[in-house]
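compute the structure for the input listed below.
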Amino acid sequence: MLVLLRNVFLLISILLFFIGIIADSINIINFSIFLLLIQNIWFAFEKFSERVIFFSFNITLFVFILSRPFIITLFDYQHSEAGFFGTEIYDPRVIINIFIGIYISMLFLFLGNLLMEKRILNKKVSENILEKTYNKSLFWIYFKNISKYFFYFLLIFRFLYLKDQTSFVQESGYFDFYTSYKSNLPPIVVKLSEMYAVPFFAFLSVKPTKKEAILPILLYLIEGVISLGTGKRAGFILNIIIILIYFAFRDKDSKKKWLGKKEIITTITAIPIVATLMNIVSYTRVGMTEATSNVNNMVLEFFYKQGVTLKTLAYSQEFKVVYPDHQMYSLGTIIEFLKSNIITQLFFDFPVYSGQSIERALNGNLFSHRISYYIMPSGYLQGRGYGSSYIAELNVDFGIIGVAIGSFLFGLLFVVLYKWFFNGKPYISTFALLLIRNLMMTPRSETTAFITSSFTLINILGVVILLFSSYLFINLFNKSQFIIINNRLEMEKRYERN
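Take a look at the predicted model:
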């Protein structure tokens with residue numbers, strides 16, 4: 001009955017969408033988008049553990065793209081920026097076009113997820129995840145423990161690196177970070193700090209008990225809090241999101257509750273606190289000391305500021321005629337990697353761009369640099385930027401058909417990553433978690449950035465080190481120590497059942 005009601009909701013949304021297009025009505029299309037968002041969230045809650053990636057992606061899409069129309073329309077939020085919804089665009093046709101792209105994306109995200117579920121999730125994900133992972137080989141026990149302690153070790157370097165970045169931002173300013181920051185630490189410290197997330201996700205991939213996972217998860221969240229000192233908020237938010245996704249995953253495969261009432265209440269209570277904190281960080285990084293005193297206004301202001309990607313989408317339409325042909329922005333991060341990596345540079349003389357420069361904006365393959373330069377040339381050269389969005393890049397490259405196909409593929413990917421986490425070997429699950437975390441930024445980042453950010457040389461090396469270390473340790477210790485570990489395993493499994 002509830003599914004039928006949700007489908008009726010979906011049909012009404014689609015009907016209003018077409019009415020809005022025919023009537024050239026921004027408000028009607030806007031309303032149809034919010035109905036579709038409600039439908040998507042409703043769909044996610046029907047099987048939350050299986051659809052938590054789809055749910056989280058819709059939430060980040062809302063925050064980064066739809067929050068401005070939402071709070072302006074629903075709360076009559078007053079803002080100082082000009083144009084429709086603070087986009088600085090006065091042409092209603094441009095706003096209608098970007099709303100059409102947003103709607104098509106959300107609809108095909110849903111259709112892709114729904115289709116892939118029917119194809120690969122009809123059967124139970126696994127008979128018993130914990131037994132499947134542990135009992136086949138004690139190798140993964142070593143892998144889990146080595147990963148945990150390696151994570152603790154790498155956090156030392158991570159905190160040193162964050163301290164170095166924070167000191168630079170405090171002395172030189174947030175925007176100079178993107179144009180002139182170079183670490184004062186030895187290169188080995190920087191590389192080790194960049195590897196810290198790999199052993200953490202590797203540890204989680206072996207499905208530890210909740211009690212065993214609490215300390216590493218707490219330290220991971222503390223890393224996100226410390227990273228706020230650099231003025232960057234994305235890392236902190238992504239750390240929270242991936243932990244919530246992981247809790248939802250484990251709630252399905254574990255007899256002990258991972259995502260209970262306590263966790264849900266804590267999350268809901270923390271939303272206004274986190275929003276206020278993020279707003280304070282925003283004020284601090286631009287040198288403003290006075291913040292809105294009213295908490296409600298702080299929350300609304302946070303969502304308004306986060307919705308700046310709507311402006312990126314609007315300007316991507318406004319400047320569409322000046323983009324060079326066949327630039328393939330939606331594959332920009334992959335193309336840039338293929339051109340700039342060490343091996344390619346040995347054989348080809350491709351130009352390598354760094355920082356924020358006119359050459360990179362006009363000749364590079366990253367849409368985030370080009371659009372930021374078009375919107376505010378002087379601001380871009382000073383380190384400012386608007387980011388990008390998979391919707392903008394797909395639309396510029398392939399039109400609305402590209403948005404539909406690309407979003408459909410993302411919907412398929414959500415289900416594939418869910419299956420990788422549960423049914424893949426721990427090293428596969430490690431990369432699944434890395435991909436999921438980075439995927440959440442796609443509504444305001446490059447289309448393929450989640451791939452190039454996950455499969456970096458340092459991440460691959462980190463997984464290889466963990467696998468090799470596990471193999472080495474399992475061959476060094478004698479059989480009596482295997483028995484001790486096996487007894488500990490039985491106790492963990494017994495605790496999990498209780």
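
surely T333 touches T452?
Yes: T333 is in contact with T452 according to CB atoms under 8 Å; the separation is 4.4 Å. The C-beta positions use only the backbone N, C-alpha and C, and glycine is treated the same way.

phi first, then psi, for the one residue sitting closest to the centre of the chain.
Central residue of the chain (CA atoms, centre = their mean): M440, 2.2 Å from the mean position. Dihedral pair for M440: phi -70, psi -20, per degrees, to the nearest 10.

distance of it from N30?
To N30, M440 is 24 Å away according to CB to CB, to the nearest Å.

on that earlier part again, residue contacts, the residue nearest to the centre of the chain?
By CB atoms under 8 Å, 6 or more residues apart in numbering, the contact set of M440 is S56, F57, T60, L238, I241, I242.

can you get me a residue count around the third one?
Same thing as T60. T60: 20 surrounding residues under other CB atoms under 10 Å.

that one touches L439, doesn't it?
No: using CB under 8 Å as the test, T60 is too far from L439 to be in contact (9.0 Å).

mind listing the shared neighbours of those two?
The contact sets of T60 and L439 do not overlap (CB under 8 Å, 6+ apart).

just to revisit the earlier point, which one of T333 and T452 is surrounded by more residues?
More crowded of T333 and T452, by other CB under 10 Å: T333, with 23 against 17.

which residues of the stretch 1-150 of the chain fall in helices?
2-23, 26-46, 48-61, 67-75, 92-120, 129-134, 139-172 (DSSP state H, counting those that start in this stretch).

which stretch among these comes nearest I400?
helix 92-120 (5.9 Å; CB to CB).

show the pLDDT at the closest residue to Y161 other than its chain neighbours.
Leaving aside its sequence neighbours, Y161 sits nearest to S193 (CB to CB, 6 or more residues apart in numbering; 3.8 Å). Looking at S193, its pLDDT reads 93.

what's the neighbour count on S193?
When neighbours are counted by other CB under 10 Å, S193 comes out with 22.

in this structure it contacts L154, no?
Yes: between S193 and L154 there is a contact under CB under 8 Å: 7.0 Å.

OK, contacts around I245?
I245 is in contact with V52, I53, S56, I436, counting by CB under 8 Å, 6+ apart.

what's the helix or strand for it?
Using DSSP states H and E, I245 sits within helix 234-253.

what angle do that helix and helix 48-61 make?
160 degrees (axes from the mean of the first three to the mean of the last three CA atoms, to 10 degrees).

in helix 234-253, which residues are buried?
235-253 (16 or more other CB atoms under 10 Å).

nearest spatial neighbour of P351, chain-adjacent residues omitted?
Going by CB to CB, 6+ apart, P351 has N363 as its nearest residue, at 6.9 Å.

how close does that neighbour get to G112?
Separation of N363 from G112 (CB to CB): 34 Å.

the more surrounded of those two?
Counted by other CB under 10 Å, N363 and G112 do not tie: G112 has more neighbours, with 23 against 14.

how about the closest residue to that one other than its chain neighbours, secondary structure?
Leaving aside its sequence neighbours, G112 sits nearest to G411 (CB to CB, 6+ apart; 2.2 Å). Look at G411: counting by DSSP: H, G, I helix; E, B strand; the rest coil, its state is helix.

burial count for G411?
Per other CB under 10 Å, the neighbour tally for G411 reads 25.

just V403 next, same as before
Counted with other CB under 10 Å, the neighbours of V403 add up to 26.

over to the one 3 residues further on?
Neighbours of G406 under the rule other CB under 10 Å: 24.
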